[in-house]
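Student: I'd like to go over a predicted model; first the sequence, then the structure.
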Amino acid sequence: MIGKRKPTHPGEVLREDVIKPLGLSVTEAAKLLGITRKTLSTLLNNRSGEAFGYYS
């Protein structure tokens, strides 16, 4: 039986597959995406529920 693996967080995918290869800082990437640096940082640090108000 194949073990279940936790799904990869979207922030990790964004960081590893987009931001790092393009050599962008969090500030630069946030500006290009049209979001605040704080929101992007929160997403990248695996706290997306906090970034989008899910815990309010």
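Tutor: That came in fine, so what should we check first? Small disclaimer: the values here were computed from a predicted structure and weren't measured.
Student: Only C-alpha atoms from now on, for both contacts and neighbour counts.
Tutor: Fine.
Student: per-residue confidence for the residue nearest the centre of the chain?
Tutor: In the chain, the C-alpha closest to the average C-alpha coordinate belongs to G11, at a distance of 2.4 Å (Cα atoms, centre = their mean). Reading off the confidence values, G11 has pLDDT 89.
Student: gap between L44 and A29?
Tutor: If you measure L44 against A29 using Cα to Cα, to the nearest Å, the figure is 11 Å.
Student: What about L43, how many residues nearby?
Tutor: For L43, the count of nearby residues is 21 (other Cα atoms under 10 Å).
Student: Not counting sequence-adjacent ones, nearest residue to it?
Tutor: In space, L43 comes closest to G11 once its chain neighbours are excluded; the distance is 5.2 Å by Cα to Cα, 6 or more residues apart in numbering.
Student: hey, C-alpha coordinates of stretch 8-25 in PDB?
Tutor: Taking C-alpha atoms only, stretch 8-25 is exported to PDB below (Å, rounded to 0.1, in the frame of the first residue of the first chain):
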ATOM      1  CA  THR A   8       2.400  20.500  -1.000                       C
ATOM      2  CA  HIS A   9       1.400  24.000   0.200                       C
ATOM      3  CA  PRO A  10       0.800  26.500  -2.600                       C
ATOM      4  CA  GLY A  11       3.100  28.900  -1.000                       C
ATOM      5  CA  GLU A  12       6.000  26.400  -1.200                       C
ATOM      6  CA  VAL A  13       5.200  25.800  -4.900                       C
ATOM      7  CA  LEU A  14       5.200  29.500  -5.600                       C
ATOM      8  CA  ARG A  15       8.400  30.100  -3.800                       C
ATOM      9  CA  GLU A  16      10.400  27.200  -5.200                       C
ATOM     10  CA  ASP A  17       9.000  27.100  -8.700                       C
ATOM     11  CA  VAL A  18       8.500  30.800  -9.500                       C
ATOM     12  CA  ILE A  19      10.100  33.300  -7.100                       C
ATOM     13  CA  LYS A  20      13.500  31.600  -6.600                       C
ATOM     14  CA  PRO A  21      14.100  30.700 -10.300                       C
ATOM     15  CA  LEU A  22      13.200  34.300 -11.400                       C
ATOM     16  CA  GLY A  23      15.500  35.700  -8.700                       C
ATOM     17  CA  LEU A  24      12.800  37.800  -7.200                       C
ATOM     18  CA  SER A  25      12.600  39.200  -3.700                       C
END
